Structures are given as C-alpha cells and as structure tokens.
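> Pasting the sequence and the predicted coordinates here, then a few questions.
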Amino acid sequence: MIESLDLIAGWLQENLLLPLLYSAGLMVWEELSFGWALFAVYGAVQVALTFAVCVPLERWLPVERWADNKAVWVDVLYTVISRVGVLPLITFVLFWQAQTALNGFLTDHGWVPPTLERIFPSLLGQQILTFILYAIILDAVEYWRHWLSHRYRWWWALHALHHAQRQMTFWSDDRNHLLDDIIAFFWFGVVALLIGVPPMQFPLLVLVLRFLESLSHANTRLSFGTIGERVLISPRFHRRHHGLRAAGRYSCNYGAVLPWWDMIFHTADFSPRYLPTGDPSGDEKLANGGYWQQQRAGLRRLWTALMPRARGV
Amino acid sequence: MPVGLGRGLAGAGLRPVLVEGMGWRLQGAGHPAFLGGFALVLNLLILLLSGARGPLTIGVVVVGLALVSLPAARFGWARRVPFLLGGGLVAVGLFAAAGWLNEMRVLNLLGAEAAHLSGRDAIWPLFQAAWDASLVWGWGTGAGKVLAGFAVHSATDNTLIATTASVLFASITAVFARGARGAGGGTEGRVNVNAMMTTRAAVLLAGLVLLATPVRAGGVAYVLNSGAASISVIDMDTRTELRRIPVLREPHHVVATPDGKELLVGDSSANEMFVLDPLSGVVKRRLPIANPYHLGFSPNGKFLVVNGLARGQVDVYDAARMLLIKRFPLKSKPSHLAYAPDSGRVFVTLQGTDQLAAIDLTKLEVLWTQPVGKAPAGVMWHQGKLLVANMGSDDLVVVNPANGAVERRIVTGRGTHQVLASPDGKVIWVNSRIDSATMALDPKTLNIVRRYAIPSGPDCIDFAPDGKLWITRRFAERVAVLDPVSGNYETITVGRSPHGIFLSPNAVAR
C-alpha cells in the first residue's frame, strides 16, 4: 500500500507539479514539492479512511441527531484545506524557509541540532520504536500547547473557534483559526529543531495518528473501555473537552492521542457522560458562519482580548 | 565563628548556613531545596563547561519537565513561567554570544574540530563494547544495569542525581571495557577473561551465521533512499535488493574516500555523516557534520568539501584529519560541486540565487560568484571549462572557470539536472528531470549523440564495469540499469526517493 501511494505522489510530481514549477520559474522548490505531493496523497487517503470508519459510526451510534447539519460543511472545508490542500503547501514552504533561516543563524554560531538517535545511538535502525518515542514526545508537546491555548485570554480567543462547533463530528479536528495554526506550526518547528523530528519517514504511522485525532472528535458513543481509555483517547474522552462547561480557560482532557498527560497533570476526566458541545461565550458567527466569517470573528475576538479597553476593562 | 556567621545570617532574616548535628555541618546538606539547587546549578554548569551535549540535553529536558509538571502549591505558574522564559532567554543569549564565548567547548564548534564534538565519542564506543560484552547479567557494573540503575534510582530517590550518577556509571563501565580490551592483569584479569570469552563466542557465532549466508562476488550497489532514511544494498548480479541499512533522516549523496576504503554518506537533515565499509556495507563510524548534502574529495585527496544546501554553507575540511578548515556562508542553496584538476579551486552551484561560486582552496577565499542560469544543479570540469546543468531551464552551459562568464549554451532538456563523464571520458552524460531523459553528449562537440527515455525523475548515475549506467529514479522508487548500446533498461525496486548511488563491484553480495 505504501509503495502504491508513493507512486501516486511520484506521478503527481512528475506530470503535474514539476511542469508547473518549471513554467513558473520555481524549480528550486522541486525537492520540496515532492514532499508536499506525498503529504497530500497520504492526507487524502487519511480523509478517506476516516470517512469510511466514522460515517457508519456516526450513523449507527450517534450522540446527537440534528435536523439540519449545515454547520458541519464548513468543517469539511477546514479538513480538505488542512490535510490535502493549501495549508500543507504553505506549511512546507514556510517550514523550509523558517528552518533554513534558523539553521543558518545557528550555524553561524556553531550549533548543530541533535536528533534523538544521536543522543541515544542504539535507537538507530529501530524505526518503529524511534517513531513511537517521537510520537510520545510530540503528543506531550501538543498537550502543553493545547493547555496554554486555553489558559491565555488572547490565545483562547483564537482557539475558541475550534470549540464553537455545536455539531461536532470527525470533520471538526482541523477546524482552527489560521493564526492558531501558524502558532502551532512555530511551536512544532522549535521542537523539530530541538529533537530533529523525522519528516515523511513514517507516513503510514502519521496517517494512523491523524486518524485517531479525527476519530476523537466523532459524534459517536464510543469508548475504549476502562483500560483502553487510559491508553488512547476515545471520542468519549475528547468529547468532554468539547463540552459546554469545558469551553474556556479552565478545561479538561487536553490530550490529542494519549490521555497520559491529562492523567499525570490531573486534568483527566473519565466520567462516562456524553455532553453537548460548543462555546456559549462565543460570537454566533464562530459557530454558524462561513469559513471567512469564522476567521474574521476569531480576529475580532482576539482584538477584544488584547485591548483591555475593547472589553471594557 | 560559624555560630557568629549563622547568627548574623539569622539576624538578616536568612537561615543559618551551619547547624550542629554531630559536629558543625552545612545545614542545607540535608535540605531538599538546597540539594535540588546544588544539583541543578552545579551539574548544569559542569555539563555546560565540559561540553557534554548529550547529558546536557537530558539535564535540560529533566529540569524542564520538572518545572512544568511537578505540583507545588507554593510554586505556582506565575512563578514558574518566568523561570521557563528566563531559561529560554539564557539559551538565546548563549547562542547570540557564542561568537565571543568560543572558549566554551559546547559553543566553540565554529571553526574548531568538527568531529567528536561532544567528547562523548571518546567514551561511548567503549561503553558500547561493554554493553555488547555483558548487557545485563555480566561482570562488574554490567552495561545494561546503568539503565536499570537509573530507573530504580530515579523512581526511588532523585532523577537529577540518577542522571548524573548513570552518566558516571556509564563512564566507569567504559573504562572497564577499555581494561577488557587491553592486556591488564590483577583484578582486571577476570574481567578480561569473561569479556574476551563473550567476544570470542560472539565472533564465532557471527562467523557461523556468515558461513550459512550464501556468498556471491558480483558486486554491490548502494542506493541512498532520501525519503526513507535508508540505504538499499543491491546485488549487482541478480539485480535484487538484499537489505537496507538504516540511517537517520535524508541521505542524499555518497562519495568514496581517496583510498577507496570508506564511503561517506551525507545524512543532510540529521547533520550526520555515515562512514561505511564499501565491501561489507558495515557502518564504521558516524560523524556529526552540519547538513552534509553534496560532497566530494579534491583530486589530490587533500580537501573534502561539503555543501549544506539547507543551511547555505560550504565547508572545507582537511580530508586526512576531518578537520573543518573554513566555512563559507554562501547564499543560497549550495547544491553540487566540482574541482579544478589541480585541486586549487572548487566550484559550487547556488540553486537559490542562480549562480556559480568559485572558491580558492589555497587562499581560502571566494574568488567570484556569477549568474549562470536558472536553478543550477550539476557541475563538472571538462577540458579547461566548467559544464553546468541548469535545472530551472533546458540547457547545459559552458562556463569560463577564470571569471564565471557563460560562453556557450547547449539545449538539452527541461529540468537539466546532472552532468558527468563516463569513466573512460568518451561520453558526457546529462539527465533531464522534466523531459524524463538521459542524454549522451559527444565530449568534443557537446552535441547530443543519443537520447534515452528514463521516466520518473532520473537523478544520480554510477557506471558499472560492464558499461551499464545505474540511474536513480527519484519519483518511482526504482533504479534503472541502462544498457547504452541497446537503449533498454532494467528496473530494481528500492526505497522512497532514491538519490545518490555507489557501485562497489568488488564487494561480496550478502
């Protein structure tokens, strides 16, 4: 399966991207464009896989049924933009630029960024183990980013867009404000520089992780059992994080794939109820607006959070 | 006196430094906060000054985790965040001041010896030997016990002390391993016998395994899978992939040392160079080298030049000692390189700025930087001129090495990428990325003699003794073995995005 997906990406690169880059005089990006092609192909497969698993689950075991699910469509757009479309392209180019600039600066000062495998040489060749270690570290890093995004007033103003959805489905995972995405991108960029995150070395495993993140947002009554809940994050566990009362600066269940960080830092809530989701404090446009309306509403909320006068303080 | 001092401090609102308990002693010696601070400050300082970057990283991670995770009512987030930010600022400050603090081992990597940077390499192979000789249940400290010891110590007592203690034990183990290698006597004698017996048993076992493995003498091809962090080992006779050698991130280019005894594989985004035995494929060493993308030894074997494409740097090394002589920051994206036959100059294509740069290796200065065409990639010396493949256009240009002036333009194919001569010098080979072709040029006229269709991004080439060309096809996870006479090619499946290739005809396929 991996080989056929790689070959599809190779075909895209050879027949579409390279001729395009050549005509635009951008051949200098050719190495990067192949990375993007791989990312987009794996992203598309991941969306298809999530769709195939989550649609039946949401149909047969829903938490909520809605007469009208118009609000879900904007999340579909977020997902496509984020996993297959423009965002990976921008991220790849930006990431390359930022990493090159930072690497250049560090080079000038004599610093060679390490990798986990250099710190622990016996990891070399243990690809799966190495990936799992990276995944655990990145998940811990994601926990803290998410925790902070609730804690700071201005950051929560941006992150509230993610919580505004009252019709939460597996599509909602990528529903984020663009600025929030950019911060996340820099956050991971710094970690990548510190521990040398392998890029597309393990596309299939990345696909599984992203699938789990999408699944955790699904509108379905699914729990992994007493032990399973403490190993991987289930839709039930993550739904509590999106619950009406959990929206805001003090929440619970911040984890993305592993519930361990919530357990260690006492923010886990394993209670079995399935609560309604949304953010009652937010602008209605954040919940029901179109893509750009939501982005604008997020910016307005950020402005209010940053300017004490605007919020009447 | 201590009493007076203690009283004075108490009077000033501070705790007395010394207390009486079976004689005067430092009161902080048993105080967790004092111990923590002592371990934190002193250990970090020692690690920083000794330049042991591995333990330093562990120390920083442990301290960081403790700061963000340990619950303490009196030490809330309002107090912790300034610590974290302060730590970050100190790190940034250290980087910014690295130029002036070049006496510090951890910061003086610029312009200094680029190998064995952390100093850990002095001890690690010995520790590894100890590990191999007795993992857990063997003699003495038993290498694996260091980890078990760390876990137990950390869980029951103090992670910070456990970290430094385990580093200490690792060193002790390594020292014992050194003893095991030598011909020492006395108490070390027993150690020697045990370790040597274990080693002999391992060698015997390895020999039996090797004997059981079918051996062929058809040669081996090493293909660098840049998107799969591995090197495919291919039996040149049967055209099958035998195994993959794991590397770290993105291996792009490979070169043999002047004596042919070693292969250097640059793992660019991992900042490491893998040194392989070309006959057995065994990884002999790993060297920390900044962003090794394209690399090559000068014809006289004196210099090794390493291009850092992502970092915009060209590093000139003393090849014999692997010492960095000078780093040239060249913007941007230094890609391929070629030497003048007298080894006096090296020429580097700068993909990001459409230029070619010439560096004088005697005076160690940039002679000139000239525009040569869009996104130049491959470059080679040819009959007193330079040939440069322009990937952003459809041409190969002839450049005057004295001043960088473009003298002639030969239309080859869109995305011209690679240019190199056959071993007998009778053909110049050029690859086109977008027109998916490999072309043979007459070395005298530089006219295209024949064009071969090689799909899916033909890239690096190596030449087999039977006259066939082995070409990596970046987007198809394949290598093409082209017969230039018939024009047919065979394909071999390898890993994602195969880039550099090296044929080792004398290697034994295993």
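Received it, and whenever you're ready, just let me know what you need. Residues are numbered from 1 along each chain as shown, chains lettered A, B, ... in the order given.
> which residues does the residue in the stretch 201-350 of chain B positioned nearest to chain A bridge with?
Nearest to chain A in the stretch 201-350 of chain B, going by C-beta to the nearest C-beta, is B:Pro246, at a distance of 3.9 Å. No exception for glycine: its C-beta is placed from N, CA and C like everyone else's. Legend: beta-bridge partners of B:Pro246 under DSSP bridges are B:Ser230.
> That one touches A:Ile128, doesn't it?
No - counting by C-beta atoms under 8 Å, B:Pro246 does not reach A:Ile128; the two are 11.3 Å apart.
> Mind checking which of these two has more residues around it?
Each of B:Pro246 and A:Ile128 has its neighbours counted (other C-beta atoms under 10 Å in any protein chain shown); B:Pro246 has more, 17 against 9.
> what sits against the more buried one?
Going by C-beta atoms under 8 Å, 6 or more residues apart in numbering or on different chains, B:Pro246 touches A:124-125, A:127, B:229-230.
> top of the residues you listed by neighbour count?
In the contacts of B:Pro246, the most neighbours by other C-beta under 10 Å go to B:Ala229, 29 neighbours.
> right, and that residue touches B:Val247 too?
Yes - using C-beta under 8 Å, B:Ala229 is in contact with B:Val247, at 5.4 Å.
> Now for the two: what residues contact both?
In contact with both B:Ala229 and B:Val247: B:Asp267, using C-beta under 8 Å, 6+ apart.
> out of everything not next to it in sequence, what's closest to A:Ser216?
Distances taken as C-beta to C-beta, 6 or more residues apart in numbering or on different chains place A:His238 nearest to A:Ser216, at 3.8 Å, with adjacent residues excluded.
> Tell me which residue of the stretch 351-500 of chain B lies closest to chain A.
B:Phe475 (3.2 Å).
> That residue: how many residues sit nearby?
B:Phe475: 29 neighbours (other C-beta under 10 Å).
> repeat for A:Ile137
By other C-beta under 10 Å, 16 other residues sit near A:Ile137.
> Remind me which helix or strand it belongs to.
Using DSSP states H and E, A:Ile137 maps to helix A:127-151.
> Which secondary structure elements does that helix sit against?
Counting contacts by 3 or more C-beta pairs under 8 Å, 6 or more residues apart in numbering or on different chains; DSSP states H and E, helix A:127-151 packs against helix A:116-119, helix A:153-163, helix A:178-195, helix A:203-215, helix A:260-264.
> Check the secondary structure at residue 47 for me.
All of this is about chain A. helix (DSSP: H, G, I helix; E, B strand; the rest coil).
> wrong one, chain B
Secondary structure state of B:Leu47, per three-state DSSP, is helix.
> What count of nearby residues applies to the nearest residue to it once chain neighbours are set aside?
Spatial nearest neighbour of B:Leu47, excluding adjacent residues (C-beta to C-beta, 6+ apart): B:Leu56 at 4.1 Å. B:Leu56: 19 surrounding residues under other C-beta under 10 Å.
> Reduced to three states, what does B:Leu56 come out as?
The local conformation at B:Leu56, judged by three-state DSSP, is helix.
> State the mean pLDDT of the helix holding A:Ile137.
Averaging pLDDT along helix A:127-151 gives 89.
> what angle sits between that helix and helix A:203-215?
Between the axis of helix A:127-151 and that of helix A:203-215 there is an angle of 30 degrees, by axes from the mean of the first three to the mean of the last three C-alpha atoms, to 10 degrees.
> Domain parsing of chain B, as residue ranges.
Per automatic domain parsing, the domain ranges recorded for chain B read B:123-212, B:220-504.
> who wins for proximity to A:His162 among these?
In terms of C-beta to C-beta, the element of these nearest to A:His162 is domain B:220-504, at 31.2 Å.
> quick one on the thing from earlier: what helix or strand is the residue nearest to A:Ser216 located in?
Going by DSSP H and E, A:His238 is part of helix A:235-242.
> List, one by one, the residues from the stretch 201-350 of chain B near chain A.
Contact residues, the stretch 201-350 of chain B versus chain A (C-beta under 8 Å from any C-beta of the partner chain): B:227-229, B:246-250, B:269-272, B:286, B:288-291, B:308, B:310-313, B:327, B:329, B:332-333.
> Return the helix or strand in chain A with minimum mean pLDDT.
Counting by mean pLDDT, DSSP states H and E, chain A has its least confident helix or strand at helix A:86-108, which shows a mean of 67.
> ends of stretch A:195-206, how far apart?
In stretch A:195-206, first residue to last residue: 17 Å (C-alpha to C-alpha, to the nearest Å).
> Check stretch A:117-136 too.
15 Å.
> Only the buried residues of that stretch, if you could.
Neighbour-count burial for stretch A:117-136, with 16 or more other C-beta atoms under 10 Å in any protein chain shown as criterion, is recorded at A:117-119, A:121, A:123-125, A:127, A:130-131, A:133-135.
> Farthest-apart pair in those, please.
A:Pro121 and A:Ala135 (20.2 Å).
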